[in-house]
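**Student:** Here is my input; please provide its structure:
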Amino acid sequence: MRCHIACAGLLIALLGASQSSAEAGDAQSGSPPKPVVGGTLELREVLESVESHYPLLAAVTEERSIAQARQLSREGAFDFLVGGGAKLKPEGFYETYEGDAFFNQPTQLWGAEFFGGYRIGSGDFAVWDGGDETNDGGEFRLGFKLPLLRDRAIDKRRAELRKSEIAAFAAEPVVRERLLAFTRSASFAYWNWVAAGMRVEVARQLLETAESRQSQLVRRVDKGALPAIDLLDNERLIVDRQVRKIAAERTFQQAAIELSLFLRDQSGETLMVDSTRLPPAFPPEKDPDERDLEIDIARAFSQQPILQKLDFEAEKFQLELSLAENRLLPNVDLAIVGSKDIGGAAKNPDDKGDGVLEAKVQIALPVQRREAKGELLAAQAQLRQVQSEQRFARDRIIAEVKKAQAALRAAFDQLGATRQNLQLARRLGTAEDRKLMLGTSNLINVNLRELQAFDAASSLISAQADYFRALANYRAAIGDIGDDGDLLPEVSG
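**Tutor:** Residues are numbered from 1 along each chain as shown. I've put the predicted structure just below:
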């Protein structure tokens with residue numbers, strides 16, 4: 001009889017082992033987490049695996065390589081250019097031989113462009129082609145071209161290069177945005193796995209209680225102290241609890257499969273984990289402090305990638321605006337070229353002189369400038385559009401942080417109610433055991449109390465999982481990817 005009572009009471013005590021700090025929660029104390037035992041899977045390990053080996057994140061990080069490749073392509077607009085050619089007329093009234101080599105070097109300094117080269121021309125030239133003739137040693141030339149108004153501060157080549165640089169920087173918030181999403185999903189998968197594993201343990205203890213009671217019931221029925229139907233009823237309880245345990249194990253296996261998508265080895269292969277790596281309990285929870293809300297909103301403003309993305313978008317359209325304003329200006333280009341023939345004179349008397357220095361100014365301006373005006377209006381509209389998106393994004397971040405903190409607060413408050421429910425279920429179970437000992441209760445009532453304690457323990461596990469999922473949501477709302485390794489429930493800076 002006493003063993004029967006003890007077995008019934010054992011379940012209630014064991015159900016309380018599924019949570020590490022029931023009494024600490026009642027006292028609202030933040031006891032330190034238990035030391036990590038060897039082999040225990042921590043959330044930190046899962047998040048590190050996501051950052052290092054998650055395939056979808058690896059795909060997103062290719063955005064960096066793409067942006068850097070495009071930047072390299074735009075730098076090609078400033079490549080050093082060399083070239084040359086030759087023209088021969090070996091037959092005809094005028095037999096001439098001409099060769100030309102040149103170089104061109106555009107620069108980012110005020111849009112200046114340097115050029116030069118070497119040419120040689122010999123033979124019999126017509127009067128109108130006399131300028132193609134050089135001294136025996138050929139002619140060297142060197143010069144530069146400098147825009148004085150349009151294209152001085154910015155031009156298409158420099159604008160395209162700067163856009164590619166912005167795109168390279170903008171790849172980082174894209175990667176961070178996806179990492180935030182993957183981190184939150186991985187955290188959800190981890191806490192679901194922990195909760196499912198703890199539910200298996202609760203279901204196992206519930207089954208063991210009924211199994212250990214069976215031998216006691218057999219002896220009591222044999223002695224005539226209990227009717228045989230009680231033995232049959234307990235056999236039904238064993239089968240029912242086996243079904244519960246199998247269902248809990250199936251849920252745990254599914255949670256492990258889902259977790260394996262985020263937990264990978266060094267080669268990127270998925271890892272399946274079992275109950276031997278379960279933590280002994282959930283970490284202790286921390287009461288969220290609403291006084292930290294403004295601090296966390298400020299953190300979100302500095303960390304959320306959407307604002308960084310929009311900042312880069314605004315910079316890109318500001319560049320477009322500057323380029324459109326540049327196109328409204330007239331072309332006023334200054335070119336200075338110097339040339340010098342060397343070697344023996346091609347004619348007598350020598351008409352090449354000591355050298356030539358030439359300065360030239362070119363001016364051009366479309367009268368209507370409709371293309372430039374249209375681009376200016378479009379750039380202004382796009383910039384206003386991004387600025388509106390920035391304002392809404394900041395409002396959205398504030399709302400998301402507030403909503404996430406409210407959910408975290410609700411999850412924390414729910415923990416208190418579920419712990420109290422478990423305590424009451426345990427007290428009722430103890431009271432029912434005493435009544436059974438006194439002969440004023442029966443197996444049906446004892447089973448009812450056991451199931452109530454089982455449900456209360458399961459509810460507490462669900463509430464704890466809800467809290468840590470809410471914490472993962474809150475961290476995502478403030479842009480915290482958990483890269484500081486601090487996995488305790490610190491919800492503010």
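
**Student:** gap between Gln390 and Leu328?
**Tutor:** Computed as C-beta to C-beta, to the nearest Å, the Gln390 to Leu328 distance reads 27 Å. Using the backbone N, CA and C atoms, a C-beta is placed for each residue, glycine as well.

**Student:** sec struct for Leu56, please.
**Tutor:** helix (DSSP: H, G, I helix; E, B strand; the rest coil).

**Student:** Do you know the pLDDT at it?
**Tutor:** On pLDDT, Leu56 comes in at 88.

**Student:** what about the residue positioned nearest the centre of the chain, distance to Ile306?
**Tutor:** Centroid check for the chain by C-alpha atoms, centre = their mean gives Leu179 as the closest residue, at 2.3 Å. Using C-beta to C-beta, Leu179 is found at 13 Å from Ile306.

**Student:** and what of Glu172?
**Tutor:** 13 Å.

**Student:** hey, where'd the helices end up in the stretch 301-450 of the chain?
**Tutor:** Using DSSP state H, counting those that start in this stretch, the helices found in the stretch 301-450 of the chain span residues 305-327, 370-437, 443-477.

**Student:** quick one, the last one and helix 370-437 angle?
**Tutor:** Between helix 443-477 and helix 370-437, the angle formed by their directions is 160 degrees, by axes from the mean of the first three to the mean of the last three C-alpha atoms, to 10 degrees.

**Student:** go on, the shortest one?
**Tutor:** Comparing the axes of helix 305-327 and helix 370-437 via the same axes, to 10 degrees yields an angle of 180 degrees.

**Student:** which of the residues in helix 305-327 are buried?
**Tutor:** 305-317, 319-321, 323-327 (16 or more other C-beta atoms under 10 Å).

**Student:** Low-confidence regions, the stretch 301-450 of the chain specifically.
**Tutor:** 346-353, 433, 436-439 (pLDDT under 70).

**Student:** State whether Arg74 is indeed within a strand.
**Tutor:** No - under three-state DSSP, Arg74 sits outside any strand and is assigned helix.

**Student:** shouldn't it be in contact with Lys163?
**Tutor:** Yes - contact status for Arg74 versus Lys163: in contact at 7.4 Å, counting by C-beta atoms under 8 Å.

**Student:** Could you tell me which residues touch both of those two?
**Tutor:** Shared contacts of Arg74 and Lys163 (C-beta atoms under 8 Å, 6 or more residues apart in numbering): none.

**Student:** got the domain boundaries for the chain?
**Tutor:** For the chain, automatic domain parsing gives the domain ranges 2-70+160-313+385-477, 83-158+330-368.

**Student:** can you redo these as a markdown table with distance to Ala378?
**Tutor:** Putting the domains of the chain into a markdown table (distance: least, C-beta to C-beta, whole Å) gives the following:
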| stretch | distance to Ala378 |
| --- | --- |
| domain 2-70+160-313+385-477 | 10 |
| domain 83-158+330-368 | 16 |
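
**Student:** returning to what we had before: how near is the residue nearest to the centre of the chain to Gln303?
**Tutor:** In terms of C-beta to C-beta, Leu179 sits 12 Å off from Gln303.

**Student:** Same question for Glu51.
**Tutor:** Where Gln303 is concerned, Glu51 sits at a distance of 16 Å (C-beta to C-beta).

**Student:** again, but for Gly138
**Tutor:** Gly138 sits 64 Å away from Gln303, going by C-beta to C-beta.

**Student:** try Leu41
**Tutor:** In terms of C-beta to C-beta, Leu41 sits 27 Å off from Gln303.

**Student:** Which one's more surrounded, those two?
**Tutor:** Leu41 (21 against 18; other C-beta atoms under 10 Å).

**Student:** Quick check, that one in contact with Thr276.
**Tutor:** No - here Leu41 does not reach Thr276: they are 9.4 Å apart, not a contact under C-beta under 8 Å.

**Student:** Leu142 belongs to a strand?
**Tutor:** Yes - Leu142 forms part of a strand when assessed by three-state DSSP.

**Student:** May I have the beta-bridge partners of it?
**Tutor:** Note on Leu142: beta-bridge partners Gly116, Gly338, judged by DSSP bridges.

**Student:** burial count for Glu63?
**Tutor:** Count around Glu63 with other C-beta under 10 Å applied: 17.

**Student:** so it sits right up against Arg176, yeah?
**Tutor:** No - in this structure Glu63 lies outside contact range of Arg176 using C-beta under 8 Å: 11.0 Å.

**Student:** Now do the contacts for Ser164.
**Tutor:** Applying C-beta under 8 Å, 6+ apart, the residues near Ser164 are 67, 70-71, 73-75.

**Student:** which SS class is Arg150?
**Tutor:** coil.

**Student:** can you pull the contacts of it?
**Tutor:** 326-327, 329-332.

**Student:** Got the phi and psi for the nearest residue to it once chain neighbours are set aside?
**Tutor:** Excluding its sequence neighbours, the residue lying closest to Arg150 (C-beta to C-beta, 6 or more residues apart in numbering) is Leu329, at 4.0 Å. Dihedral pair for Leu329: phi -80, psi 150, per degrees, to the nearest 10.

**Student:** For burial, what's the neighbour tally of Leu329?
**Tutor:** Count around Leu329 with other C-beta under 10 Å applied: 17.

**Student:** got it, and the one 5 residues further on?
**Tutor:** Residues lying near Leu334 (other C-beta under 10 Å) number 14.

**Student:** Please list all residues in contact with it.
**Tutor:** Going by C-beta under 8 Å, 6+ apart, Leu334 touches 145-148, 359-361.

**Student:** Kindly recompute the last result at 6 Å.
**Tutor:** Neighbouring residues of Leu334 by C-beta atoms under 6 Å, 6 or more residues apart in numbering: 146, 148, 361.

**Student:** Which of those residues sits closest to Tyr190?
**Tutor:** Leu146 (62.3 Å; C-beta to C-beta).

**Student:** On the pLDDT front, check that closest one for me.
**Tutor:** 93.

**Student:** shouldn't it be in contact with Gly111?
**Tutor:** No - using C-beta atoms under 6 Å, Leu146 makes no contact with Gly111, being 7.3 Å away.

**Student:** which of these two has more neighbours?
**Tutor:** Gly111 (21 against 17).

**Student:** where does that one land in three-state SS?
**Tutor:** coil.

**Student:** Pull the contacting residues for it.
**Tutor:** So Gly111 contacts 147, 151-152, 155 (C-beta under 6 Å, 6+ apart).

**Student:** That one and Phe188, how far apart?
**Tutor:** 54 Å.

**Student:** now Arg427
**Tutor:** 34 Å.

**Student:** okay, the two: which has more neighbours?
**Tutor:** A count of neighbours by other C-beta under 10 Å puts Phe188 above the other of Arg427 and Phe188, at 18 against 13.

**Student:** Would you mind giving both backbone torsions of that one?
**Tutor:** Torsion angles, degrees, to the nearest 10, at Phe188: phi -60, psi -50.

**Student:** so how far is Ser322 from it?
**Tutor:** Distance, Phe188 to Ser322, using C-beta to C-beta: 45 Å.

**Student:** now do Ile154
**Tutor:** In terms of C-beta to C-beta, Ile154 sits 5 Å off from Ser322.

**Student:** One more: Val174?
**Tutor:** 25 Å.

**Student:** Compute the mean per-residue pLDDT across the helix or strand where Val243 lies, please.
**Tutor:** Taking DSSP states H and E as the definition, one finds Val243 inside helix 228-260. Taken as a whole, helix 228-260 has an average pLDDT of 91.

**Student:** Taking helix 443-477 as reference, get the angle to it.
**Tutor:** 10 degrees.
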